[in-house]
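Visitor: Quick check, what structure comes out for this input:
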Amino acid sequence: YILKPFTERELHITIELALYRHKMEKRLNQSEAYLLTMLMSIGDAVISTDNKGIIIFMNPVAEGLTGWKKEDVAGRELKEVFKIVNEETKEAVDNPVIRALKQRVAIEISDHIILIRKDGKEIPIDASAVPIKDEVSNTRGAILVFKDCTRRRNTEKEILNYQDKLRSLTSALSLSAERERR
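Guide: You can find the predicted model right below:
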């Protein structure tokens, strides 16, 4: 806005400021669109929360793994959507986001953790949470990144089975060789 009466110089400055503001808003919108596209395209599940653990954002991979739709989780507490238990004991595991927010450090969990989906299905996962800090180190929220590790766990089990078979064969061969020597 410009108040009357105005000089040509005031008009020129006002127009320059408006053009600069428009340019900066356009850059900001492009940057936000790029970041959103990146978060939506990433191969891991991503959930973002505020500093109280309330969900702000969820990408499609997180939707698939949790069984929740992003429009149904906005404003919910993360603990309602991201339920994790120990694979062996089935006891609840401390939420990594709450720990990251309290301790103000990155938290990683990968020891036999199971995600309980909305439909009750259990999925083995690896997860990490990182606090989001502003320019003066105030915690503004957290990012939770997790992934289905079913394939990796199955591969680990196969390797253990092969190792057991190899040990059995080695023992059998050793016994056989010992018998032949006698």
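
Visitor: Now do the contacts for the spatially most central residue of the chain.
Guide: Nearest to the mean C-alpha position of the chain, by CA atoms, centre = their mean, lies residue 145 at 1.3 Å. For residue 145, the contacting residues are 44, 45, 46, 127, 128, 129, 130, by CB atoms under 8 Å, 6 or more residues apart in numbering. Every residue, glycine included, has its C-beta placed from N, CA and C.

Visitor: got it, and residue 134?
Guide: Shown here is residue 134, whose contacts under the criterion CB under 8 Å, 6+ apart are residue 140.

Visitor: now the strands: where do they sit in the protein?
Guide: Per DSSP state E, the chain has strands spanning 45-50, 55-58, 83-86, 107-116, 122-133, 139-148. These are given in chain order.

Visitor: Tell me which of those strands sits nearest to residue 29.
Guide: For the strands of the chain, distance to residue 29 was read as CB to CB. The smallest value, 17.2 Å, belongs to strand 55-58.

Visitor: if we can go back for a sec, relative to residue 159, which of the contacts of residue 145 is nearest.
Guide: residue 127 (23.0 Å).

Visitor: what's the burial count for the spatially closest residue to that closest one that is not a sequence neighbour?
Guide: Computed as CB to CB, 6 or more residues apart in numbering, the closest residue to residue 127 that is not its neighbour in sequence is residue 146, at 3.8 Å. Using other CB atoms under 10 Å, residue 146 has 26 other residues around it.
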